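**Student:** Need a 3D model of the sequence below.
(one chain, ligands or ions: 1)
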Amino acid sequence: MQSTPVDQAKEDVTQRLFFALWPDDALRQRLAGLAEDIGSRVTGRIVMADNLHITLVFLGALNSVRRQCAEEVAAAIRCERFMLTLDRVGYWSTPRILWAGSMRTPEALQSLVAALHAGLANCGIPLETRPYQPHLTLMRKVSRRPAAAAIDPMDWSVERFCLVESVSGSNGVSYRVVASWGLGSEKVGERGQFSAILRRIAGTI
Ligand code: 2AM
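**Tutor:** Numbering: from 1, shown residues only. Predicted coordinates:
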């Protein structure tokens, strides 16, 4: 079928998108408190509370066809829920960011990112090739490494992941969740119910 000028126009509209873990309000407030606390001792720009997140895969500008492909990949993911403990603050001098992260990356988090990468390979989206380093950016434009400071560990029970749009406005960039998918037992539960039905059918034969 030939594409019409309207189809063409739709394909040309792009959104800047990424897959992310999105903290709930309580965790978001704790993280914002941590950012403010560090921000009182370090020069830089504190990330506003509403924008705090952990990127899983950065996708960049996608047209509607590629976005649809990315969403289909996400919907097909079967990964476990996991607990992520944010227990350290780190600093990278090249992007000049200060971030919160974990001493231990859960295997399920690595699997989720690997599954997304594997699926997205069929969507024609150029992806990051560097090893995945989960981090939640707290401050940007930080000019020097701050003195090491211990933080109270924050346990994050991760049950969903999201597709997020990055929107540039007069007040800077803001992020908007455009879709999300459950992890673990929601889907395991569906499979579990299915197996139970199969067992019941098998029992009647
Ligand atoms: P950062 O927090 O370390 O800057 C939206 O831009 C999110 O995608 C941010 O969390 C950002 O990580 C991440 N990201 C990863 N690769 C990116 C890239 N090439 N350009 C912009 N953002 C990127």
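**Student:** Ala115 and Val89, how far apart?
**Tutor:** Relative to Val89, Ala115 is positioned 29 Å away (criterion: Cβ to Cβ, to the nearest Å). C-beta coordinates here come from the backbone N, C-alpha and C atoms, glycine included.
**Student:** more crowded one of these two?
**Tutor:** When Ala115 is set against Val89 and neighbours are counted by other Cβ atoms under 10 Å, the residue ahead is Val89, at 21 against 16.
**Student:** For that one, report the pLDDT, please.
**Tutor:** In the prediction, the pLDDT value recorded for Val89 is 95.
**Student:** Close to the ligand: what parts of this protein are there?
**Tutor:** Where proximity means Cβ under 6 Å from any ligand atom, the interface of the chain facing the ligand comprises Phe18, Thr55, Phe58, Pro95, Ile97, Glu128, Thr137, Ser166.
**Student:** who's Ser174 bridged to?
**Tutor:** For Ser174, the beta-bridge partners are Val167 (DSSP bridges).
**Student:** now it: how far from the ligand?
**Tutor:** Ser174 sits 11 Å away from the ligand when distances are taken as Cβ to the nearest ligand atom, to the nearest Å.
**Student:** how distant is the helix or strand hosting Trp181 from the center of its chain?
**Tutor:** With elements delineated by DSSP states H and E, Trp181 resides in strand 172-182, which encompasses its position. Here the centre of strand 172-182 is set off from its chain's centre by 9 Å, with Cα atoms, centre = their mean, to the nearest Å.
**Student:** all numbers from here: first residue = 38
**Tutor:** That works, and once the first residue is 38, the last one we named lands at strand 209-219.
**Student:** For it, list every residue counted as buried.
**Tutor:** Neighbour-count burial for strand 209-219 flags Tyr212, Ala216, Trp218 (criterion: 16 or more other Cβ atoms under 10 Å).
**Student:** Understood, closing this out.
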